[in-house]
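> Would you be able to build a 3D model of this:
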Amino acid sequence: MKKILLTILFSFSFLFSQNYIDALSPFYGFKGSQSISIGIGNATVAGGQVIPEFTSNPANLGLQRFRTFELTYTSSEFNSSANNLPQSSFGTFSFIYPLKVYRGSIVIATSLEKEKEFALSYQDIDQNGYTFKQRNEGKIKNWHFALASEISENLFIGADIIIPYGQIDILKEYPNISPDTSGFTQNVDYIGVSATIGMFQIISKHFNWGISVDLPKEININDEFTFNDGYELGNLEYSSTKPLTIHVGASALFKYFNLFYETEWTDWKNMEFSSDDLYSSDVTDINEEIENNLSQTISHHFGGALHMPFLPLHLYGGYQILPEPHSDKNRNVISGGFSYLIKQQISIHGAYQRYYWDYETDNGSIINETWDQIVLGMSVHF
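Numbering: from 1, shown residues only. Next up, the predicted model:
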């Protein structure tokens, strides 16, 4: 009888638990799988010729003069008090191909990139007073298809068509009741479409600037719910559309060092939730929650690079301030990296980054949480 009551309780909670956090979750994770971009704190909108990777500005690709193949691998770990969650996976595969033209440049490129990683492991008390343990893990990958060109001297434009897809698996257990029967798993699948357009300009020998716009990104979500004893409650389909994001920044380039800055603006109040599986009144309520609980964010990305005078070695460092759209708190990120040219055509590179923030529990205690990532990769230039 107890199991039946719990099944009814959790089934009801699942069917009517979608809220603004579910709409936000596909866009809120840990970012990064490319060494140089991570190394300079993702301050890449004006990276230009310094960053032979996919960046926040597709116009940067127009400055690439060599065909480049890149492959990376990532290893990460989430830590919160006594809970941790390690993950490792393929990072990025990309290919940049400059076309031969009489004047200016035309560059085409494609990439399969791990854009975001989801990692969470904690224990808390739910709204019904039950103690639970929850573990979230997954990722979103992006297929990129980009084109960039120099339309006039020192002025570049670019466009990038993006197909995001991925999943997150959520395991929730109630150890004080009966872990074998009261826990459940949510398997959430994502697929969507988006695009980015951008412009990059060389102002002088030492100064560049760039701007790009991420067009609204729609993610279609399929949420399946299964109890630990195998009982399947069913699935719910809905979609979430992230509003456009504007990136603006500049770079200062000198012989032995570079400086980078990028700011990123998004008005999360304009995010939209929709579903044919929910009552229209529920959809309206969730969109009102978005307007009342989310805010606009302005993130800051700082980066620097040092070029060794007698070695083909480059060192990178970065710092990011990432406001949370659903609170008045920030996540901060420190990073560093390197690249080394082994031969004229082959380089190896790597990066490390740490996200860190404070989490306040329901009883008011503060927990320091972190997410650490190491990226290793190789590029071939020809």
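> Show me what the helix or strand harbouring Thr74 is packed up against.
If you go by DSSP states H and E, Thr74 is part of strand 68-80. Applying 3 or more C-beta pairs under 8 Å, 6 or more residues apart in numbering; DSSP states H and E, one finds that strand 68-80 contacts strand 83-99, strand 106-125, strand 366-381. (Each C-beta comes from the backbone N, C-alpha and C, glycine too.)
> in its sheet, what does the last one sit against?
Okay, so that is strand 366-381. Its sheet considered, strand 366-381 pairs with strand 68-80 (antiparallel), strand 346-360 (antiparallel) by DSSP bridges.
> What's the first helix or strand after the lowest-mean-pLDDT helix or strand in the chain?
Within the chain, no helix or strand scores below helix 2-15, which has a mean of 41 by mean pLDDT, DSSP states H and E. Note on helix 2-15: by DSSP H and E, the next helix or strand toward the C-terminus is helix 20-24.
> Quick check: buried residues in that next one?
Tyr20, Asp22, Ala23, Leu24 (16 or more other C-beta atoms under 10 Å).
> Stretch 371-382 now?
Applying 16+ other C-beta under 10 Å to stretch 371-382 flags Trp371, Asp372, Gln373, Ile374, Val375, Gly377, Met378, Ser379, His381 as buried.
> Closest to Ser240 out of the buried residues of helix 20-24?
Comparing these against Ser240 with C-beta to C-beta places Ala23 closest, at 4.2 Å.
> And the helices in this protein?
Taking DSSP state H as the test, the helices found in the chain are 2-15, 20-24, 35-39, 179-182, 280-293.
> that older thread, please compute how far the strand holding Thr74 lies from its chain's middle.
12 Å (C-alpha atoms, centre = their mean, to the nearest Å).
> What of stretch 109-121?
In this view, stretch 109-121 has its centroid 6 Å away from the chain centroid, taken as C-alpha atoms, centre = their mean.
> now the longest strand seen in the chain, how far from the chain's geometric center?
Secondary structure of the chain per DSSP state E: the longest strand is strand 131-152. A distance of 5 Å separates the centroid of the chain from that of strand 131-152, by C-alpha atoms, centre = their mean.
> pLDDT below threshold where in the stretch 51-200 of the chain?
178-182 (pLDDT under 70).
> any idea how far Asn220 is from Tyr20?
18 Å (C-beta to C-beta, to the nearest Å).
> With Lys133 instead?
Lys133 is 24 Å from Tyr20, by C-beta to C-beta.
> Kindly report the same for Val193.
22 Å.
> and what of Arg67?
45 Å.
> try Val107
The value you get for Val107 to Tyr20, if C-beta to C-beta is used, is 39 Å.
> repeat for Pro164
20 Å.
> likewise Gly32?
Counting by C-beta to C-beta, the separation of Gly32 from Tyr20 is 25 Å.
> what residues are up against Tyr356?
If you count contacts by C-beta atoms under 8 Å, 6 or more residues apart in numbering, Tyr356 has them with Arg331, Asn332, Val333, Ile334, Asn368, Glu369, Thr370, Trp371.
> That one pairs with what?
Asn332, Thr370.
> Tell me what Leu236 is bridged to.
Assessed by DSSP bridges, Leu236 has beta-bridge partners Asp223.
> That one reaches Ser275, doesn't it?
Yes - counting by C-beta atoms under 8 Å, Ser275 is a contact partner of Leu236 at 7.3 Å.
> joint contacts of the two?
With C-beta under 8 Å, 6+ apart, Leu236 and Ser275 have common neighbours Gln18.
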